[in-house]
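Enquirer: Any chance you could fold what I've pasted below:
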Amino acid sequence: MGPLAGIKVIEMKGIGPGPYGGQILADLGAEVIVVERASRPNSIAPPSNSDVNSRGKRSIALDLKNPMGIETLLKLVEKADVIFEGNRPGVAERLGFGPDICLKRNPAIVYGRMTGWGQTGPLANSAGHDYNYISITGAAAAIGTKNQPILPLNLVGDYAGGSMFLVIGILSALLEVKVSGKGQVIDSAITDGSAHLMSMLYTFSKAGLWRNVRESNLLDGGAPYYRPYETADGKHVSVGAIESKFFAQLITLLGLSKEFIEDQNNFERWPEMRLALEATFKTKTRDQWVEIFEGTDACVMGIIDFTEAVEHPHNKARNTYIKINGQSQPAPAPKFSRTSCDIPSAPPAEGADTKAVLSDWGFDQNSIDDLEKNIVFN
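Expert: Residues are numbered from 1 along each chain as shown. Here you go, the predicted model:
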């Protein structure tokens, strides 16, 4: 099931945005085969069978330094719709499965390349991680307090600027293949994606609505009606009452001066408003405020952690979370009216499906036996 049912994807095992991109494709119904190294190297990545990003996939182990291993991979490429990798530029070419070789074997293959800096540019061959990549796009500078930027987990770079744009590229290229019959290479760089995510700030800046000082703008904590507030129990609520009618409800339910409603966008009064909201929110606990505001249009919500989120009534009503092997995790998203997505299968151990995948993808038993003798795989 799922809208991508029938699409065959080869994911060359990596870390960060690649595995998450593969998870999205698998969640949506694609058959995703992860190619692991025959002997697992030291890595910061968790074991595959405990990694949520590995769910819904099957795992094969190939020795890519062995010519038979490369040839096996290329035979799989001949039958696939997509292959993607997250190596530094030139690595796939040196190993023997670069885009030119794959496109020669399968002219309709979509070849995704997921990197931080991209395939070109002066930094292309440099090491880096998520936080480094978003540092050259303005994203890292825009998030934080006046005194210091903060780490936005790996959400802005790896997952949003990386995985999401990789998946968009793959799906777009798959649609184009139906017209041209020709595959192509997708150069997906986190720097490009995270820069793209900053589009709205360029609009704000052109309109004179953005200053390059953190906590001085509408969406970065500067506005007293769009920021977090601490509550009496040391927890927090989020306030997002941007529109005037929502702001009016906020001020009314907080019992604050009606003058604030008239002066909502009077920057000179923002510090006074912020102090008033800070003091008021500290008079009750987070959950008490949730009870007061829930169901209103004041745009106030309790800030809960990811374990509390699993039990939130709204999330439970929408089946936003599922359990696989007893582990709570986000369900596939988005939801579809007709081609609904199945609950993904549990993540496999490294190489657990090698023989089964080779058989399913057309290798005869003699070939599989010969490969097992010459290549180490599970």
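Enquirer: Run through the protein and note the low-pLDDT ranges.
Expert: For the chain, applying pLDDT under 70 flags the ranges 38-44, 375-378.
Enquirer: In it, where's the longest helix?
Expert: Longest among the helix segments of the chain by residue count, using DSSP state H, is helix 165-180.
Enquirer: For it, what is the distance to the chain centroid?
Expert: 18 Å (Cα atoms, centre = their mean, to the nearest Å).
Enquirer: go on, stretch 5-20?
Expert: 13 Å.
Enquirer: and it, which residues are buried?
Expert: By neighbour count with 16 or more other Cβ atoms under 10 Å, stretch 5-20 contains the buried residues 7-14, 16-20. Every C-beta, even on glycine, is put in place using the N, C-alpha and C of the backbone.
Enquirer: so of those residues, which ones are in helices?
Expert: Going by DSSP H, the helices hold Pro17, Gly18, Pro19, Tyr20 from the buried residues of stretch 5-20.
Enquirer: Tell me how far the first one lies from Glu272.
Expert: Going from Pro17 to Glu272 by Cβ to Cβ, to the nearest Å gives 43 Å.
Enquirer: again, but for the second one
Expert: Look at Gly18 and Glu272: by Cβ to Cβ, they are 49 Å apart.
Enquirer: wait, what's in contact with the closest residue to Pro347 other than its chain neighbours?
Expert: Closest residue to Pro347 apart from its sequence neighbours, by Cβ to Cβ, 6 or more residues apart in numbering: Ser54 at 3.5 Å. By Cβ atoms under 8 Å, 6 or more residues apart in numbering, the residues touching Ser54 are Pro19, Gln23, Val34, Ser48, Pro347, Pro348.
Enquirer: Repeat the analysis, applying 7 Å as the threshold.
Expert: Applying Cβ atoms under 7 Å, 6 or more residues apart in numbering to Ser54 gives the contacts Pro19, Val34, Ser48, Pro347, Pro348.
Enquirer: do the same with Ile190
Expert: For Ile190, the contacting residues are Pro17, Gly116, Asp130, Tyr133, Gly157, Asp158, Gly161, Gly162, by Cβ under 7 Å, 6+ apart.
Enquirer: Once you drop chain neighbours, what's closest to the last one?
Expert: If I follow you right, that is Gly162. Nearest one to Gly162, counting by Cβ to Cβ, 6+ apart, is Pro17 at 3.0 Å.
Enquirer: ok, now which ones touch the one you found?
Expert: Neighbours of Pro17 in contact, by Cβ under 7 Å, 6+ apart: Met114, Asp158, Tyr159, Gly162, Ser163, Leu166, Ile190.
Enquirer: Narrow those to just the buried residues.
Expert: Burial by neighbour count, 16+ other Cβ under 10 Å: within those this picks out Met114, Asp158, Tyr159, Gly162, Ser163, Leu166, Ile190.
Enquirer: Now flag whichever of these is closest to Thr283.
Expert: For those, the residue nearest Thr283 by Cβ to Cβ is Tyr159; the value is 37.0 Å.
Enquirer: Check whether the nearest residue to Leu254 once chain neighbours are set aside sits in a helix, strand or coil.
Expert: Ranked by Cβ to Cβ, 6+ apart and with sequence neighbours excluded, the top spatial neighbour of Leu254 is Thr280, at 5.1 Å. Counting by DSSP: H, G, I helix; E, B strand; the rest coil, the backbone at Thr280 sits in helix.
Enquirer: Spatially central residue in the chain, please.
Expert: Centroid check for the chain by Cα atoms, centre = their mean gives Tyr159 as the closest residue, at 2.6 Å.
Enquirer: Excluding chain neighbours, what is closest to that one?
Expert: Ranked by Cβ to Cβ, 6+ apart and with sequence neighbours excluded, the top spatial neighbour of Tyr159 is Tyr20, at 5.6 Å.
Enquirer: ok, the one you found - contacts?
Expert: Tyr20 touches Asn53, Tyr159, Ser163, counting by Cβ under 7 Å, 6+ apart.
Enquirer: if you set the cut-off to 10 Å instead, what comes out?
Expert: Tyr20 is in contact with Val52, Asn53, Met114, Asn154, Asp158, Tyr159, Gly162, Ser163, Met164, Leu166, Val167, counting by Cβ atoms under 10 Å, 6 or more residues apart in numbering.
Enquirer: ditto for Asp220
Expert: Taking Cβ under 10 Å, 6+ apart, one finds Ala142, Ile143, Gly144, Thr145, Lys146, Leu201, Trp210, Arg211, Val213, Arg214, Tyr226, Arg227 in contact with Asp220.
Enquirer: Could you count how many residues lie near the fourth one?
Expert: Thr145 has 11 neighbours, counted by other Cβ atoms under 10 Å.
Enquirer: repeat for the fifth one
Expert: For Lys146, the number of neighbouring residues by other Cβ under 10 Å comes to 11.
Enquirer: How much space separates Asp27 from Ser180?
Expert: Counting by Cβ to Cβ - Asp27 and Ser180 are separated by 28 Å.
Enquirer: The two - which one has more neighbours?
Expert: Each of Asp27 and Ser180 has its neighbours counted (other Cβ under 10 Å); Asp27 has more, 21 against 10.
Enquirer: For that one, which non-adjacent residue is spatially closest?
Expert: Pro332 (3.6 Å).
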